[in-house]
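S.K.: Sequence and predicted structure are below.
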Amino acid sequence: SNDTVVADKSPVEILPFADACRFLTQDAPSLLRPRRLGRQGRPAWLFGVEAEVRRDPFGVVLILAPSNYPLLLPGVQAVQALAAGNAVRNPRRTAATAASLLIGVTLTTAVLTGMASSRSALGEEMDRQHPVDFAVTGQAPLSPDVVQRLSAVEDVDEVVSVPGVPARVAGLGPLPVIAAPSADAAAPVTHADLPRPRPRQVLLPWDLLGDGIEEGDVVTVAAGAETLRLRVVGGEGWGEAALVAQTTLRRLSAQPGVQALWVRADDDADPEDLAGSLEAVAAPVEAGIENGLARRSYVDVQLDVMTGGVVGLLAIAVVIALVGIANTLGLSVLERGREHALLRALGVTRRQLRRMLATEAALLALVATVLGTSLGTVFAWAGVQALVVPALEDAGLVLPWAQLGLVIAGATVAGLLAAVLPARRAARTSP
C-alpha cells in the first residue's frame with residue numbers, strides 16, 4: 001500500500017537528513033560569513049574601493065518537493081534556509097549584548113582580583129608592623145596572678161610572658177626594657193617575625209622618637225645599678241617598651257621578671273570588646289595595652305567597604321547586561337517563529353524548545369563571563385604592578401578563586417533566568 005511505501009522510505013530519508021543537519025550545524029556559519037572581494041582583476045579606477053559579499057535574508061522561501069521523498073528533499077531545503085537566516089540574523093545585536101556583559105564581568109573580576117591582591121600585600125605589611133594582637137606592658141614586673149587572669153579572659157587564645165626590667169632611658173624617663181623571646185617561643189602569639197635588635201642596640205617605638213631622640217642616636221639605658229649606652233633603632237609592634245637583645249637584658253639585670261604579656265586573640269574576637277576585658281585586668285596593676293588587632297582590623301574594614309561599594313555598582317551594570325540578553329532572546333524568538341513552528345512540526349517538544357533557548361542564553365552568558373574573567377585578571381595584574389607594587393614591594397597577584405567561581409556561576413545562572421520568558425513564549429508556538 002501507499003502507507004507501506006512511505007514507511008519503508010522513512011528510515012532511508014532520516015539518516016541523510018540527519019547528516020545534512022549535522023553538516024549545516026558545523027559548516028554553515030563559515031560558508032555563509034561575509035567575504036571581502038580581492039583586488040585582483042579590478043579596474044584601475046576602483047583602486048582603494050573595498051567590496052564585501054554579505055548574505056542577508058530576503059523574502060519567503062517556497063519549497064516544492066516530490067511526494068516520494070516527503071522528509072529528505074523539503075527538509076534539507078528548509079534547514080538550509082533556516083541556517084542561512086540564522087547565520088546572518090543580527091549578529092551585531094548579539095555581539096553588543098555579549099560585549100556589555102563581558103565589560104561588566106571584566107571590571108568586576110579586575111576589582112575583586114585587585115582588591116584580593118592589595119588585601120594580601122597590605123595584610124602582610126600590617127602583620128609586620130603589628131605582629132602581636134595585644135601587648136600588655138607593666139611599669140613594674142607582672143605577678144603570676146595577672147598572667148592567669150589574662151589567660152582566662154574570653155576570646156584569648158594564647159599568652160606569652162616576656163622578660164624585662166623597669167629602666168630609665170635618657171631623654172625619655174622611665175621606660176620598661178624587654179627582650180623578645182626566641183622565634184619558637186613567640187610563634188604562638190605573633191603573626192610575623194619581630195625585629196631582632198643587635199647586642200648594642202635598643203629598639204624604641206616610633207611614637208617616642210622625634211622629641212630630642214632620633215634614630216641612630218646613642219642613649220644611656222639604666223636599670224638599677226647597671227648602665228649601658230645603646231644605639232637607637234626605630235620600630236613598633238611590641239608595646240610601650242624598649243626592646244633589646246637577650247644578652248643586653250642579662251647585662252642590665254641578672255634576674256629579669258615578667259615585664260610584658262603578649263596576647264593572641266581568637267579569630268572571631270572583637271578588638272574593642274577584648275581590649276575592654278584586658279583593660280579590666282591590666283588597669284589595677286598600672287599596665288598599658290597596645291591594640292595591634294584593632295589597627296589591622298581597621299584596614300580590613302576599609303577594604304571591605306571599598307570592595308563592597310565598587311562591586312555593588314558593577315553588579316548594576318551586569319544586571320543591565322542580563323536584561324539585554326533577555327531582550328536579545330525575545331527578539332530572536334519573534335524572528336524565528338517559523339523555525340520554531342517547523343521544529344515543533346518535526347516532533348520537538350515544548351520542553352526541548354525551552355531547553356534549546358536556555359542553552360543558547362547560558363552559552364552566551366558563559367562565553368562572555370569566561371572571556372571577561374580572563375581579561376579582568378590581566379587588567380588586575382597590570383593594576384597591581386602599576387599601583388600596589390610601588391608602595392608594597394612584596395605584592396603579588398592573588399586570585400580569589402571562590403569569588404571568581406561565584407561570578408562565573410552567577411552570571412551563567414542569571415543568563416538562564418533571563419531566558420525564562422522568551423523560552424515560554426517560544427514554547428507556545430504551534431506546529
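M.R.: Thanks, I have it.

S.K.: So for Leu404, what's the nearest residue that isn't a sequence neighbour?
M.R.: Nearest non-adjacent residue to Leu404, counting by Cβ to Cβ, 6 or more residues apart in numbering: Thr373, 5.9 Å away. Yep, even glycine has a C-beta here, placed from its N, CA and C like the rest.

S.K.: so that neighbour sits in a strand?
M.R.: No. Using DSSP: H, G, I helix; E, B strand; the rest coil, the assignment for Thr373 is helix, not a strand.

S.K.: List the contacts of it.
M.R.: Contacts for Thr373 (Cβ atoms under 8 Å, 6 or more residues apart in numbering) come out as 105-106, 109, 404, 407-408.

S.K.: try Ala414
M.R.: Applying Cβ under 8 Å, 6+ apart to Ala414 gives the contacts 318-319, 322, 365.

S.K.: switch to 10 Å and redo it
M.R.: 101, 318-319, 321-322, 325-326, 361-362, 365, 369 (Cβ atoms under 10 Å, 6 or more residues apart in numbering).

S.K.: I'd assumed it was in a helix, is it?
M.R.: Yes. Residue state for Ala414 (three-state DSSP) corresponds to a helix.

S.K.: any idea how far it is from Gln403?
M.R.: Here the criterion is Cβ to Cβ, to the nearest Å. By it, Ala414 lies 16 Å from Gln403.

S.K.: Just to check, Asp115 is in contact with Val398?
M.R.: Careful, residue 115 is Met and not Asp. Yes. Under the criterion of Cβ atoms under 10 Å, Met115 makes contact with Val398 at 9.4 Å.

S.K.: So between the two, which is more surrounded?
M.R.: Met115 (21 against 17; other Cβ atoms under 10 Å).

S.K.: to the chain's geometric centre, what's the distance from stretch 306-321?
M.R.: Between the centre of stretch 306-321 and the centre of its chain there are 13 Å (Cα atoms, centre = their mean, to the nearest Å).

S.K.: Mind listing residues that contact that stretch?
M.R.: 96-112, 114-116, 118-119, 365, 368-369, 372, 403, 407, 410-411, 414-415, 418.

S.K.: Let me see the mean pLDDT of that stretch.
M.R.: Averaged across stretch 306-321, the pLDDT comes to 81.

S.K.: again with stretch 383-390
M.R.: 88.

S.K.: quick one: buried residues of that stretch?
M.R.: With burial defined by 16 or more other Cβ atoms under 10 Å, the residues of stretch 383-390 counted as buried are 383-384, 388.

S.K.: How about stretch 286-295?
M.R.: Those would be 287-294, for stretch 286-295 by 16+ other Cβ under 10 Å.

S.K.: First-to-last residue distance for that stretch?
M.R.: When the termini of stretch 286-295 are compared using Cα to Cα, to the nearest Å, they are 23 Å apart.

S.K.: How about stretch 267-286?
M.R.: Termini of stretch 267-286 sit 28 Å apart (Cα to Cα).

S.K.: Quick one: distance of it to the chain centre.
M.R.: 34 Å.

S.K.: Would you mind pulling the contact partners of that stretch?
M.R.: 133-134, 136-143, 145-157, 261, 263, 265-266, 287-298.

S.K.: Can you say which of those residues are buried?
M.R.: Buried among those by 16+ other Cβ under 10 Å: 133-134, 136-139, 141-142, 146-147, 149-150, 153, 155-156, 261, 263, 265, 287-294, 296-297.

S.K.: taking the mean pLDDT, what do you get for the host helix or strand of Ile103?
M.R.: Applying DSSP states H and E as the criterion places Ile103 in helix 91-129. For helix 91-129, mean pLDDT rounds to 83.

S.K.: mind listing what's buried in that helix?
M.R.: Buried residues in helix 91-129, counted by 16+ other Cβ under 10 Å: 94, 97-122, 125-128.

S.K.: sec struct for Gln259, please.
M.R.: strand.

S.K.: Skipping adjacent residues, who's closest to it in space?
M.R.: Nearest to Gln259 is Gly164, by Cβ to Cβ, 6+ apart, at 2.8 Å.

S.K.: quick one: that neighbour from Glu240, how far?
M.R.: From Gly164 to Glu240 the distance is 12 Å (Cβ to Cβ).

S.K.: who's more crowded, the two?
M.R.: Using other Cβ under 10 Å, the more surrounded residue of Gly164 and Glu240 is Gly164, with 28 against 17.

S.K.: and the next element down the chain from whatever helix or strand the more buried one lives in?
M.R.: Element membership for Gly164 (DSSP H and E) is strand 156-165. The first helix or strand that comes after strand 156-165 along the chain, using DSSP H and E, is strand 168-169.

S.K.: Following that next one in sequence, what is the next regular element?
M.R.: strand 173-174.

S.K.: my guess is Leu175 meets Leu203, correct?
M.R.: No. Here Leu175 does not reach Leu203: they are 11.7 Å apart, not a contact under Cβ under 10 Å.

S.K.: what are the ranges of the strands in the stretch 251-400 of the chain?
M.R.: Taking DSSP state E, counting those that start in this stretch, the strands of the stretch 251-400 of the chain run over residues 257-265, 287-291.

S.K.: partners of the longest one in the sheet?
M.R.: Same thing as strand 257-265. If you go by DSSP bridges, strand 257-265 pairs up with strand 134-138 (antiparallel), strand 156-165 (antiparallel).

S.K.: Out of these, the one nearest Leu303 is which?
M.R.: Within the strands paired with strand 257-265, the stretch nearest Leu303 is strand 134-138; the backing value is 22.2 Å (Cβ to Cβ).

S.K.: got the angle for the closest one vs strand 287-291?
M.R.: Using axes from the mean of the first three to the mean of the last three Cα atoms, to 10 degrees, the direction of strand 134-138 lies 160 degrees away from that of strand 287-291.

S.K.: okay, the contacts of Thr373 in TSV with distance to Arg36 next?
M.R.: Formatted as TSV, the contacts of Thr373 follow (distance: Cβ to Cβ, whole Å):
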residue	distance to Arg36
Val105	32
Thr106	30
Thr109	35
Leu404	39
Val407	38
Ile408	36
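
S.K.: Of those residues, which is the nearest to Leu334?
M.R.: Taking Cβ to Cβ as the measure, Val105 is the one of those closest to Leu334, at 27.5 Å.

S.K.: Settle this for me: that closest one is touching Thr377, isn't it.
M.R.: No. Using Cβ under 10 Å, Val105 is not in contact with Thr377, being 11.0 Å away.

S.K.: intersection of neighbour lists for the two?
M.R.: Here Val105 and Thr377 have Leu404 as joint contacts, going by Cβ under 10 Å, 6+ apart.
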